[in-house]
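Undergrad: got a predicted structure here, sequence first:
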Amino acid sequence: MEFQGSIGLVQRVLPSYRLPFFDKLATECRDGLTLFAGEPLPIESINTLGQPSVARLVRLRNIHFLDPSKKMYLCFQYGLGQALRNTLPTALIFEANYRYLSSYPAIQWAKRSNIPLVGWGLGAKPLPGGLRQLRNHFLGQFGALVAYSATGAEEFALTGFPREKIWVAKNAATDAPTASAPIRQLSKKPRLLFVGRLQPRKRIDLLIEVFASLKDRYGAELVIVGDGPDRVRLEGLAGTRDSAIRFAGHLEGQALEQEFLQADLFVLPGTGGLAVQQAMSFALPLIVAEGDGTQDDLVTPRNGWLVKPADRDDLASKIHYALQDRAKLEKMGQESYRIVQDEVNIAIMAKTFIKAIGQAKG
């Protein structure tokens, strides 16, 4: 089901992990897809390296007011209006974020031009009265909304947006795997794996503390893949003499694949983490902290465990339980693989966006 036209997709920033999805979506458009995006603030530590292979990219100049961690953060994307008039997309997708000031005139231009509008995002968290009205009015301008998860879809519905115009595109970073699911041979030492940006909100410190209390009982190893502003502190916490904890640094390609293949259990103790879906594509069972709702679509009792955020005891008990039955972990990993093959991947995500555009157009 190809979209018979061109899509314009407006992003505040273009993180590198989104490139495969945007390229996949571009293949679903007869006349292609153009991305409009600016740069993040240095404090955000967002990797924006790389270029799309199929989609076109137009760079904008982001003017930031405060930073995104602040409640009153605002952003204006200078050049967006002219870029839209130059490219004339026949459908537009915006981030469903009322704090992006340049979206307002761009949406009005699209409405005057009779261009269908789709908004997408995590959902709509509770806000105080004035901001809630502004946010709800902003969302009401779209012909359809796409949420990352069922939780986000419910939040959109609670704003008064029609439920029948809300779609769920489960958050994915990779395509469906084509090879057979890897079969792991049980090694003497079970290996835990974390992959992601090393920053405080990932709560890797909590994982290190819990692992230190359990490693001797199981003879386990912990591999931490990634880099970031929290690395020095975490290495100090782990202790340079602890050979059971290895910091692998930033890895890509075959080197990263080898770490996934040699692991027995993937652990994400904090927020975020599209590496969860990547781990599932390597048939890994999961322990993931509850967060924005996207985790609920990926982690079930058949392939892993959800843990309470920042709860050391809950994380310790789940890791302890997982390592007691490593043969069961293999079966849970096979279920992870099935989920990303059949339910959560960028191909399914792209098709959902095309359906939402069709509804907005109608």
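TA: Everything's here; your move. Residues are numbered from 1 along each chain as shown.

Undergrad: for residue 121, phi and psi?
TA: phi 170, psi -170 (degrees, to the nearest 10).

Undergrad: could we number from 209 for the rest of this?
TA: With 209 as the first residue, the last one maps to residue 329.

Undergrad: correct me, but it touches residue 360?
TA: Yes - taking contacts as C-beta atoms under 8 Å, residue 329 lies within contact range of residue 360: 7.1 Å. Quick note: C-beta positions are derived from backbone N, CA and C, even for glycine.

Undergrad: okay, those two: which has more neighbours?
TA: residue 360 (27 against 17; other C-beta atoms under 10 Å).

Undergrad: what about the more buried one, distance to residue 367?
TA: Distance, residue 360 to residue 367, by C-beta to C-beta, to the nearest Å: 11 Å.

Undergrad: then residue 297?
TA: The gap separating residue 297 from residue 367 is 26 Å, by C-beta to C-beta.

Undergrad: excluding its backbone neighbours, what's nearest the residue minimising distance to the centre of the chain?
TA: The chain has residue 482 as the residue nearest its centroid, 4.2 Å off, counting by C-alpha atoms, centre = their mean. Closest residue to residue 482 apart from its sequence neighbours, by C-beta to C-beta, 6 or more residues apart in numbering: residue 381 at 3.9 Å.

Undergrad: still on that earlier bit, which one of residue 297 and residue 367 is surrounded by more residues?
TA: Using other C-beta under 10 Å as the criterion, residue 297 and residue 367 rank with residue 297 on top: 23 against 18.

Undergrad: what about residue 444, neighbour count?
TA: For residue 444, the count of nearby residues is 9 (other C-beta under 10 Å).

Undergrad: and this structure, what are its domains?
TA: The record's domain split for the chain, according to automatic domain parsing, is 215-383+553-569, 399-550.

Undergrad: mean pLDDT for the ones you listed: which is lowest?
TA: Ranked by mean pLDDT, the domains of the chain bottom out at domain 399-550, with a mean of 90.

Undergrad: which residues does the closest residue to residue 368 other than its chain neighbours contact?
TA: Of all residues not flanking residue 368 in the chain, residue 344 sits nearest, at 6.0 Å (C-beta to C-beta, 6+ apart). Neighbouring residues of residue 344 by C-beta atoms under 8 Å, 6 or more residues apart in numbering: 332, 367-369.

Undergrad: okay, and residue 344 sits in which element?
TA: Element membership of residue 344 [criterion: DSSP states H and E] is helix 337-347.

Undergrad: what's opposite the closest residue to residue 304 other than its chain neighbours in the beta bridge?
TA: Closest residue in space to residue 304, ignoring its immediate chain neighbours: residue 327 at 3.5 Å, by C-beta to C-beta, 6+ apart. Per DSSP bridges, the residues bridged to residue 327 are residue 302, residue 353.

Undergrad: could you report the neighbour count for residue 327?
TA: Residue 327 has 27 nearby residues by other C-beta under 10 Å.

Undergrad: what of the one 5 residues further on?
TA: Residue 332: 25 surrounding residues under other C-beta under 10 Å.

Undergrad: distance of it relative to residue 368?
TA: Taken as C-beta to C-beta, the span from residue 332 to residue 368 is 10 Å.

Undergrad: repeat for residue 456
TA: Residue 456 is 47 Å from residue 368, by C-beta to C-beta.

Undergrad: around residue 258, how many other residues sit close by?
TA: Residues near residue 258, counting by other C-beta under 10 Å: 12.

Undergrad: quick check: phi and psi on it?
TA: Backbone torsions of residue 258, given as degrees, to the nearest 10, read phi 100, psi 160.

Undergrad: just list the residues touching it, thanks.
TA: Here residue 258 is in contact with 224, 227 (C-beta under 8 Å, 6+ apart).

Undergrad: ok, it to residue 265 distance?
TA: Counting by C-beta to C-beta, the gap from residue 258 to residue 265 is 10 Å.
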